[in-house]
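*Asks:* this is the structure alone, sequence omitted:
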């Protein structure tokens, strides 16, 4: 397997490592927020709240937290994609 960081300068490699770690932590924290409610994703949790399968409080706060974590993760992933494009142009 090729070394992903092989052709990157040390500062850029460190940045990618930190961003990758952040993506991982956001994903794992999202799973931890959803798990107590038996939901695979935010939409499933919202459906469970609307159907009355789980109590609105604190489930709705967890729904919002999961949405924020997912949105932040997607933003970081987009940032990584942009940085990869920049790094490959050099």
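*Replies:* Ah, there it is. The model shown is predicted, which means the values in this text are computed figures rather than measured ones. Numbering: from 1, shown residues only.
*Asks:* just give me the neighbour total for residue 87.
*Replies:* Residues near residue 87, counting by other CB atoms under 10 Å, number 15. (Each C-beta comes from the backbone N, C-alpha and C, glycine too.)
*Asks:* what's the distance between it and residue 62?
*Replies:* Residue 87 is 37 Å from residue 62, where distance means CB to CB, to the nearest Å.
*Asks:* quick one: low-confidence ranges for the protein?
*Replies:* Residue ranges of the chain with pLDDT under 70: 1-5, 90.
*Asks:* can you tell me the centre-most residue of it?
*Replies:* Using CA atoms, centre = their mean, the residue of the chain that lies closest to the mean C-alpha position is residue 73, 3.1 Å off.
*Asks:* give the contact list for that one.
*Replies:* Residues in contact with residue 73, defined by CB atoms under 8 Å, 6 or more residues apart in numbering, are 23, 26-27, 30.
*Asks:* repeat that for 10 Å
*Replies:* Counting by CB atoms under 10 Å, 6 or more residues apart in numbering, residue 73 touches 22-27, 29-30.
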